[in-house]
Every structure is written in structure tokens, then in C-alpha cells.
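Asker: all I have is the shape, not the residue letters:
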């Protein structure tokens, strides 16, 4: 693993038991975009730590002894944030282990970091549904209506606090969302629903963590199991080739 350093753009990611999913290609794509990757492992029980430690772009890795996400997502993300800002980056790119940016060239992303008008950059989320060729476009799932704030200009001397939410707390502290934002057109590809076999498990997990719909409408959770979601053909790069090449 590389020694910690202070790159201009650091990526940060929380992981748990991702070795059998998309972790390796996600790290490869992310490593091509960022100057380094910081990872907090939420007590994985598979080979996720080995994959992370072995990746040449991972500049910092830490593993928790007991899982934290199921008790308090905000606490997990705050720990990840602290690991990242200790390296004093200029910008922070926050992604999950089942997400890919549809951009092959680092210059396209770095162009967003060379301006000083906006401090927070959002991206349209394309939720691949049932396979790697279609994404969902109905109600909550449409990319135009579902954007993720993933890129933030870190301000070293600014105090930061995390929203007191056990779930769906955001990727950054509250203060990040108070800065001027820019809506980028670069697609963020979410692969978490690409396999139908995972839909039921995700639905049950959200109901277990948020049975009253405190952090997200219950109707949104139930929509995961819609029998006939509205889908659209993906016309970008071949995601399957990217994942399994």
C-alpha cells in the first residue's frame, strides 16, 4: 500500500464484504480519477481488506473490529471523513463500492476542481436495474430527479458536523451542503440493483433499519420490489465489459 500523502483529489469509500461484487473494477476506475483512495472497512468477514490493501491507489486503509453501519451510518461516514481530511486534500470524492463514474478521462473530472465558484458538485445517478444494460427512470429513480453530491472542496479551517441521522445521512458533513453547488452532467452508475436477487435483501434491510420511514418514505422502499419498473436502455460504455474485463 502506498504511503499517505496529500494529493489534490482524494476519494473516500466505506466498504463491507464487497470482495464478491464490484470492488476491484470500482477501485480501478476510481484510482484512475483520484490521486489516492481512503477506505474504511466496516468489519468485513470476507477478502475485502486484502483487495483494498493490495490496490496501488489506496493510500490509507483502516478496518473496524465491529460493524457500525447497521447501528449508525453517520458515525461510520464521520470516521471515514476524519481519516480522509487528516491527509489535507483540496477536494474529496465520496463514492460507494457499487458505484462507477461514466468518465474514463481524469481531465473531465479535474475540470470541476479547477473552478472556485462552486464547492459542492452533484451527479445524476443511473440505477441499473435487473442487468447492466438498463436503468430505472420512474419517480424516485430517474437520474434527472435523483442526484448525488459526491465531490466537495475541503476547507481546512471550517468546523464540520454530521447530521444526526442513523441512515441516509449524506456523504459529507452538513456544512458541505451549505456551499454553492454545481450539477454536473457526468453520470454516476449505481450497480446495487443490477441483480434482481439483491432486491428483496435490500428491501428487508431498509425496513429493518428504518421500519417507520423516518429517514426515507416507506413508499420509496416498497418501490424496490415493483414488478414492472420503468426502464430505459443504457447507451453509454459497456458496463459488463468494464466489470469483467
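Answerer: Thanks, I have the structure now. Predicted, not measured: the structure shown is a model, and the values here were computed from it. Residues are numbered from 1 along each chain as shown.

Asker: for the chain, what's the longest helix?
Answerer: The residue-count maximum for a helix in the chain (DSSP state H) belongs to helix 73-85.

Asker: which positions in that one come out as buried?
Answerer: Residues of helix 73-85 classed as buried by neighbour count (16 or more other Cβ atoms under 10 Å): 73, 74, 76, 77, 78, 79, 80, 81, 83, 84, 85. Quick note: C-beta positions are derived from backbone N, CA and C, even for glycine.

Asker: just these now: which is nearest residue 106?
Answerer: Ranked by distance to residue 106 (Cβ to Cβ), those are led by residue 84 at 18.8 Å.

Asker: so who does that closest one touch?
Answerer: Residue 84 makes contact with 10, 12, 38, 60, 92, according to Cβ atoms under 8 Å, 6 or more residues apart in numbering.

Asker: same thing but 10 Å
Answerer: 10-13, 36-40, 59-60, 92-94, 154 (Cβ atoms under 10 Å, 6 or more residues apart in numbering).

Asker: then residue 186?
Answerer: 101, 102, 103, 108, 109, 111, 112, 121, 123, 124, 150, 151.

Asker: same thing with residue 133?
Answerer: Neighbouring residues of residue 133 by Cβ under 10 Å, 6+ apart: 194, 231, 233, 234, 235, 238, 239, 240.

Asker: now residue 106
Answerer: By Cβ under 10 Å, 6+ apart, the neighbours of residue 106 are 9, 32, 33, 34, 35.

Asker: so where is the protein shaky, pLDDT-wise?
Answerer: 1-7, 104-105 (pLDDT under 70).

Asker: 80 - rerun?
Answerer: By pLDDT under 80, the weakly predicted segments of the chain are 1-7, 103-106, 244-245.

Asker: helices of that one, start to end?
Answerer: With DSSP H as the criterion, the chain has helices spanning 23-33, 48-54, 73-85, 106-113, 199-209, 218-222, 239-244.

Asker: test my guess that residue 145 contacts residue 137.
Answerer: Yes. The pair residue 145 and residue 137 qualifies as a contact (Cβ atoms under 10 Å) at a distance of 9.4 Å.

Asker: the two: which has the busier surroundings?
Answerer: Set side by side, residue 145 and residue 137 show more neighbours around residue 137, with 17 against 12, by other Cβ atoms under 10 Å.

Asker: so what's the nearest residue to the more buried one once chain neighbours are set aside bridging to?
Answerer: Sequence neighbours aside, residue 232 is the residue nearest to residue 137 in space, at 4.8 Å (criterion: Cβ to Cβ, 6 or more residues apart in numbering). Here residue 232 shows beta-bridge partners residue 135, assigned using DSSP bridges.
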